[in-house]
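Asks: got a predicted structure plus its sequence, pasted below:
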Amino acid sequence: MIETIGVVGSGTMGIGIAQIAAQNKHQVVLHDHSEKQLSKAKEGLDKIMKRLVEKGRITESERKEINNRILFTSNMGDLWPCGLVIEAIVENITIKHEVFKKLEEIVSDHCILASNTSSLSIASIGAALNKSERIIGIHFFNPAPLMPLVEIIPSIQSSKNTSDSAKELITSWGKTVVICKDTPGFIVNRVARPFYGEALRIYEEGIADFATIDWALKELGGFRMGPFTLMDYIGNDVNFAVTESVFKAFFYDPRFKPSFTQKRYSEAGFYGRKSGRGYYHYKNEELNSKANKNKVLGQSILDRIVCLLINEAIDAVFMGVATTKDVDLAMTKGVNYPKGLLQWGDEIGLEVVLKRLQDLFDYYGDDRYRPNPLLRRMVAKKKKFYS
Ligand SMILES: NC(=O)c1ccc[n+]([C@@H]2O[C@H](COP(=O)([O-])OP(=O)(O)OC[C@H]3O[C@@H](n4cnc5c(N)ncnc54)[C@H](O)[C@@H]3O)[C@@H](O)[C@H]2O)c1
């Protein structure tokens, strides 16, 4: 039973993870090297906790207890009693290595060391440790207290005990846990790429504008937001950086090729909501074009993007990144997709998905449309993902 949880880095993710651990009755040691950041994190958490009391989600005495359970500290040595430390610092392998080396000198031999990294491999982070069997990826989504999904990523060094303990603990916090292989983008950031990439490609080919593509995905497909609205929300710069890093990490597989349109929007400072302009204008919304609500066009856009997403989900299963169930859970709980993609594939008919991909592949001669071998095999054997 792990009593004390350490969190390193009190930024966007670290403070959320500390809040979850404290709400689950753990003593929490939240360390940041910046005193200024620690005060900001403390203030931010105070506000959130007060709002939870106002909304009746917790009582005033619970709020005090939760606050009292978190030690905000710039002294890394305070992490010594922790049974698990989750690192959530800047995404830089050299700095992460320094932190993990120091951590190993402070904590006991039994302490599990986890990283919340989005884009670095867990194997590369674990390489800094003497006892690398204690490394694990525990990937929360933003905002951590609200998003139900957590991806747990055992690396080739992780012991079974490390991954079992991490899984048991995070599940006990009420999170939906999926287990995935230490591969670029883990599940969600890998499988979701075509949602953005294929939408950009459809726009670049002049098939439809941003508003029409968004309308098709949202209204006809049931996605919470269309891809361009979502990219503007995430930040075009952030989304482009993830796409570029996944593309590089997959040794430039054309399936993940980034888009020049997104690069130019990002270079121009059209980041989205935060900069007042992205694919849409947020200061003067009258400048935005209206969707062409032609159902035949909309359905063809939706079919194309969904088939690419399904192909990607199938590839994650084919390559042993995660199970069918976990791939579907990851996309519904991590990015709120209206359905699991493999279930969706079954519903459309895998033979229909294969035909659509094959038509695209024949037309473009581009590897990004190549149907996955598992899809071919399942169609040949008339199988489904769910019986
Ligand atoms: N922001 C997201 O949406 C998101 C989602 C999932 C995972 N992640 C991952 O979580 C990690 C943190 O991201 P973030 O967005 O919270 O970053 P952030 O910039 O908001 O916070 C990072 C914090 O780490 C602190 N820090 C930096 N170097 C340190 C050191 N050597 N010792 C102690 N503290 C140090 C900084 O002072 C800062 O407070 C990254 O690995 C990122 O890839 C981020």
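Replies: Arrived safely.

Asks: what's near enough to touch the residue in the stretch 251-387 of the chain that the ligand sits nearest to?
Replies: The ligand sits closest to G334 of the stretch 251-387 of the chain, with a gap of 10.3 Å, by CB to the nearest ligand atom. From N, CA and C alone the C-beta is placed, and that goes for glycine too. Shown in contact with G334 (CB atoms under 8 Å, 6 or more residues apart in numbering): F141, M147, L149, E151, I187, V188.

Asks: dump the residues you listed into a markdown table; add pLDDT as well.
Replies: Compiled in a markdown table, the contacts of G334 are given as follows (pLDDT from 0 to 100):
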| residue | pLDDT |
| --- | --- |
| F141 | 95 |
| M147 | 95 |
| L149 | 98 |
| E151 | 98 |
| I187 | 98 |
| V188 | 97 |
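
Asks: strands along the stretch 51-200 of the chain, start to end?
Replies: 70-73, 84-87, 112-115, 135-140, 149-153, 176-179 (DSSP state E, counting those that start in this stretch).

Asks: just name the most buried of those.
Replies: Among these, ranked by average contacts under mean count of other CB atoms under 10 Å, first place goes to strand 112-115 (a mean of 27).

Asks: can you name the residues in contact with that one?
Replies: Residues outside strand 112-115 that contact it (CB under 8 Å, 6+ apart): 2, 83-87, 96, 100, 103-104, 107, 122, 125, 129, 134-138, 162, 165-166.

Asks: for K55, give its distance to M49.
Replies: 11 Å (CB to CB, to the nearest Å).

Asks: same drill for those two, tell me which one is more crowded.
Replies: Taking other CB atoms under 10 Å, K55 and M49 do not tie; M49 has more neighbours (21 against 8).

Asks: what helix or strand is that one located in?
Replies: helix 35-54 (DSSP states H and E).

Asks: so which elements touch that helix?
Replies: Contact analysis of helix 35-54 by 3 or more CB pairs under 8 Å, 6 or more residues apart in numbering; DSSP states H and E lists helix 12-23, helix 60-69, strand 70-73 as its packing neighbours.

Asks: check what pLDDT H139 gets.
Replies: You'll see H139 listed with a pLDDT of 98.

Asks: got it, and L220?
Replies: For L220, the model assigns a pLDDT of 98.

Asks: also T332?
Replies: pLDDT, T332: 97.

Asks: who in the stretch 51-200 of the chain is up against the ligand?
Replies: A88, I89, V90, E91, I95, V99, N116, T117, S118, F140, N142 (CB under 6 Å from any ligand atom).

Asks: how about the helices in the stretch 201-350 of the chain?
Replies: Along the stretch 201-350 of the chain, the stretches classed as helices by DSSP state H, counting those that start in this stretch are 210-215, 227-234, 236-249, 260-267, 295-318, 324-334, 341-348, 350-364.

Asks: among these, which comes closest to G14?
Replies: Proximity to G14 (CB to CB) singles out helix 236-249 among those, at 17.6 Å.

Asks: for the ligand, what is the nearest residue in the protein?
Replies: For the chain, CB to the nearest ligand atom, closest residue to the ligand: G11, 1.8 Å.

Asks: tell me the phi and psi of that residue?
Replies: The phi/psi pair for G11 (degrees, to the nearest 10) reads phi -80, psi -150.

Asks: could you do D253 as well?
Replies: phi -60, psi 130.

Asks: burial check on D362, number of neighbours?
Replies: Here the number of neighbours of D362 (other CB under 10 Å) works out to 9.
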